[in-house]
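>>> predicted model, plus sequence, below.
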Amino acid sequence: MFRKKLSLVTLLLSATTVLNAQDVPSSYMPVVIKEEFQSIVKRMQDAKAAILKQHNDLLNDRYDLSNKPSATATMTGGKPVQEGVRVKLPLGTNWDALSKMSAEEIKGQGVFPKGFLPLPHPNHPEGGMLFPKFVIDEIKRQEQRDLTRFDLDFDIPDHFLPPFPPAIFLTTRPDLGDVSQGQLVTINNYFQLFNGLLNPKQIEGLRLLVTPFPQQQFNQTDDRRTLTPSRGVACLDCHSNGHTNKATHLVGDIRPQEFRHRINTPSLRGVNIQRLFGSQRALKTIEDFTEFEQRAAYFDGDPVIATKKGVNILERGSQVQFMAEFQELLDFPPAPKLKWDGKLDPKKASDAEMRGQVLFFGKAQCSTCHMPPYYTDNSMHNLQTERFFNPVLVNGLMESADGPIKTFPLRGIKDSPPYLHDGRLLTLDDTVEFFNLVLELQLNQQEKQDLVAFMLAL
């Protein structure tokens with residue numbers, strides 16, 4: 001009798017433990033999906049409109065999203081640069097008054113601009129890789145491979161995004177200029193475009209970079225986010241032509257979900273001069289990063305899910321090295337106003353650009369982190385933006401500290417909007433206002449304009 005009572009108590013305690021465990025956040029995602037695929041699709045499609053409205057309301061509350069192209073400044077290839085500060089100010093404030101307030105005053109009065117806060121994923125509790133529609137359309141046209149998600153659409157308007165398809169410049173053949181011939185490089189055309197320009201190792205590396213492999217949302221399993229089973233994604237689906245189309249995701253190395261940062265795809269241009277990679281910059285070579293992406297980042301840093309969905313294990317001594325060798329050929333776009341040392345040639349630069357350069361290396365403190373000739377220090381810096389606001393949960397993201405952020409190169413920066421790691425700053429004007437406030441620089445309006453003019457010349 002005593003043993004039976006003990007067994008019953010043990011059973012009840014075990015059941016209670018299981019129930020309680022379901023309420024505790026886990027580092028692991030469920031491997032066995034109990035819901036039918038068509039049920040998942042219907043549930044998510046039914047919720048899609050409300051989710052997108054909530055996120056679009058947030059964007060419109062934070063930003064002026066209208067199309068205001070520059071009449072003079074263009075990206076490489078001719079796409080107009082978007083002008084003006086797009087972050088909206090709290091009612092009753094202006095940029096000049098705000099910049100004169102201390103961090104404590106801004107935090108106490110709750111007037112830190114919302115557009116300077118971390119930007120949530122369009123559906124932060126769900127997350128996952130998400131592509132602009134023009135990328136989806138071109139890949140579908142060339143490969144009949146569909147990167148459309150049934151549950152979400154990309155959020156940032158096209159006029160704020162990089163040129164597409166972007167130009168490709170090679171460190172080995174600067175005489176050729178743009179070698180993409182105006183095409184998006186895919187598995188269908190890479191050979192005809194690069195045969196005769198690259199050596200056999202580099203061509204094989206490029207082939208692997210344009211070959212689709214399974215990924216968390218794009219795969220063959222019943223917990224994918226595409227209507228039909230997917231072959232997956234290729235490295236250059238996000239890094240179009242070795243640059244970026246600003247496809248977005250959540251970093252794989254933070255838990256729980258509300259603390260995971262949104263990350264927009266960085267450019268691969270100039271990776272040969274960079275020394276820190278990955279969302280926490282724990283990877284020291286492009287080879288490390290290439291292997292890590294395939295093994296873990298494609299699957300939200302979860303090796304169990306990776307095994308289920310089809311992880312692509314690359315051979316380090318050949319495949320990874322070949323992929324890295326091609327990536328390290330990707331050069332920055334030409335900057336005809338810069339000398340060999342990365343600074344402006346006074347005979348070619350405008351007065352505004354020259355004034356901006358003086359500010360960049362002086363009062364604005366930009367060169368503390370962004371040193372020529374490539375305008376990076378290959379380090380990380382913590383801006384401590386949490387000084388200016390109280391943590392708050394917004395659309396599933398805990399708006400809190402960013403932590404250390406990599407110093408990305410500023411060479412060719414006009415080709416890479418929107419800015420900061422999560423794309424919260426839509427224009428270079430926004431970026432200048434952000435750093436003017438966070439670094440307490442006290443720049444006047446003319447100085448801000450001159451800084452933008454200088455960065456457009458880089």
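Right, received. Where do you want to start?
>>> for the longest helix along the chain, what is the average pLDDT?
Longest helix in the chain, counting residues (DSSP state H): helix 37-62. On average, the pLDDT along helix 37-62 is 98.
>>> chain center to that helix: distance?
Centre-to-centre, helix 37-62 and its host chain are 21 Å apart (CA atoms, centre = their mean, to the nearest Å).
>>> outline the domain layout of the chain.
What the record gives for the chain is the domain set 65-117+336-458, 127-334, from automatic domain parsing.
>>> of the ones you listed, which approaches residue 37 most closely?
For residue 37, the closest of the domains of the chain is domain 127-334, at 4.4 Å, according to CB to CB. For glycine as for every other residue, the C-beta is placed from the backbone atoms N, C-alpha and C.
>>> now do the same end-to-end measure for that closest one.
36 Å (CA to CA, to the nearest Å).
>>> skip the chain neighbours and tell me the closest residue to the residue nearest the centre of the chain.
Compute the mean C-alpha point of the chain, and by CA atoms, centre = their mean the closest residue is residue 264, 1.1 Å away. For residue 264, ignoring the flanking residues on the chain, the nearest one in space by CB to CB, 6 or more residues apart in numbering is residue 423 at 4.1 Å.
>>> residues in contact with the one you found?
By CB atoms under 8 Å, 6 or more residues apart in numbering, residue 423 lies in contact with 119, 156, 246, 248, 262, 264.
>>> a strand runs through it, doesn't it?
No - applying DSSP: H, G, I helix; E, B strand; the rest coil, one finds residue 423 to be coil, outside a strand.
>>> returning to that earlier point: the helix or strand following the longest helix of the chain pairs with which strands?
Where DSSP states H and E defines the elements, the next helix or strand beyond helix 37-62 is strand 69-74. With DSSP bridges as the test, strand 69-74 is paired with strand 80-82 (antiparallel).
>>> who touches the strand it pairs with?
67-70, 73-75, 159-160, 414, 417, 426-428, 456.
>>> mind redoing it with 10 Å?
65-75, 157, 159-161, 163, 414-415, 417-418, 426-430, 452, 456 (CB atoms under 10 Å, 6 or more residues apart in numbering).
>>> drop anything exposed from these.
Burial of those was assessed by neighbour count (16 or more other CB atoms under 10 Å); the buried members are 65, 73-75, 159-161, 163, 414-415, 417-418, 426-430, 452, 456.
>>> among these, which ones are in strands?
73, 74 (DSSP state E).
>>> next step: the buried ones among the contacts of strand 80-82 restricted to helices.
Per DSSP H, the subset of the buried ones among the contacts of strand 80-82 in helices is 428, 429, 430, 452, 456.
>>> could I get the residues you listed as TSV with distance to residue 348 and pLDDT?
Below are these laid out as TSV (distance: CB to CB, whole Å; pLDDT from 0 to 100):
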residue	distance to residue 348	pLDDT
428	20	98
429	24	98
430	27	98
452	18	98
456	14	98
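>>> could you work out the most separated pair of those residues?
The most distant members of these, if one measures by CB to CB, are 430 and 456, lying 14.1 Å apart.
>>> so where is this protein shaky, pLDDT-wise?
Scanning the chain for pLDDT under 70 picks out 1-23, 279-281.
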